[in-house]
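Novice: Okay, structure incoming, though there's no sequence with it:
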């Protein structure tokens, strides 16, 4: 019986000394492939987000301009249309940010999803943030062009 305990204790110690599986070498905690896609999605967001201030500046200018009595009706209509486009781009950005599930705040989602499901989710999010980028950039180009035109 003593030999059995010694053998059991030896195996237990040996098992305890085993190195655990290496942790992913990234901050997201995802596999390297998923981390690359996650990083790409976040980078796309980070590249357009700083422009939100310019978008809001255009909104302010167009609101002020469209409220002016001196603006011809046709230009007022155009200003309001562009203002609606800017609002749509602005809302799209904040809707995307509120809905996006990052690994740090949504651990359960990432833990309960398969690699394939996460890949699909992140690809969809990449498409969504690209659409947000298109909405913001096109509405800002329209606003800039309109404001330059009426100077």
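Specialist: Received it, and whenever you're ready, just let me know what you need. Keep in mind the model is a prediction, meaning the values are calculated, not measured.
Novice: From here on, just use CA atoms for contacts and neighbour counts.
Specialist: OK.
Novice: Not counting its neighbours along the chain, what's nearest residue 133?
Specialist: residue 48 (6.2 Å; Cα to Cα, 6 or more residues apart in numbering).
Novice: quick one: the one you found and residue 148, what's the gap?
Specialist: 23 Å (Cα to Cα, to the nearest Å).
Novice: Which one of those two is surrounded by more residues?
Specialist: The neighbour count for residue 48 versus residue 148, taken as other Cα atoms under 10 Å, is higher for residue 48 (17 against 9).
Novice: per-residue confidence averaged over the one helix or strand the more buried one maps to?
Specialist: Element membership of residue 48 [criterion: DSSP states H and E] is helix 32-48. The pLDDT scores in helix 32-48 average 97.
Novice: That helix: which residues count as buried?
Specialist: Neighbour-count burial for helix 32-48, counted by 16 or more other Cα atoms under 10 Å, picks out 34-35, 37-38, 41-42, 44-45, 48.
Novice: what does stretch 99-116 rub up against?
Specialist: Contacts with stretch 99-116, where a contact means Cα atoms under 8 Å, 6 or more residues apart in numbering, come from 28-29, 34, 118, 125.
Novice: same check, this time on stretch 144-151
Specialist: 58, 79.
Novice: For residue 39, which residues are in contact?
Specialist: Going by Cα under 8 Å, 6+ apart, the list of residues near residue 39 is empty.
Novice: Please tell me how far it sits from residue 140.
Specialist: For residue 39, the distance to residue 140 - Cα to Cα - is 26 Å.
Novice: Find the nearest non-adjacent residue to residue 55, please.
Specialist: Using Cα to Cα, 6+ apart, the nearest residue to residue 55 is residue 140, at 6.1 Å.
Novice: could you give the angle of the one helix or strand the one you found maps to to helix 32-48?
Specialist: Using DSSP H and E, residue 140 sits within helix 115-149. Taking axes from the mean of the first three to the mean of the last three Cα atoms, to 10 degrees, one finds helix 115-149 and helix 32-48 inclined to each other by 10 degrees.
Novice: Pull out the buried residues from helix 115-149.
Specialist: Across helix 115-149, burial judged by 16+ other Cα under 10 Å covers 118-119, 122-123, 125-126, 128-130, 132-133, 135-137, 139-140, 142-143, 146.
Novice: Fine, thanks again, bye for now.
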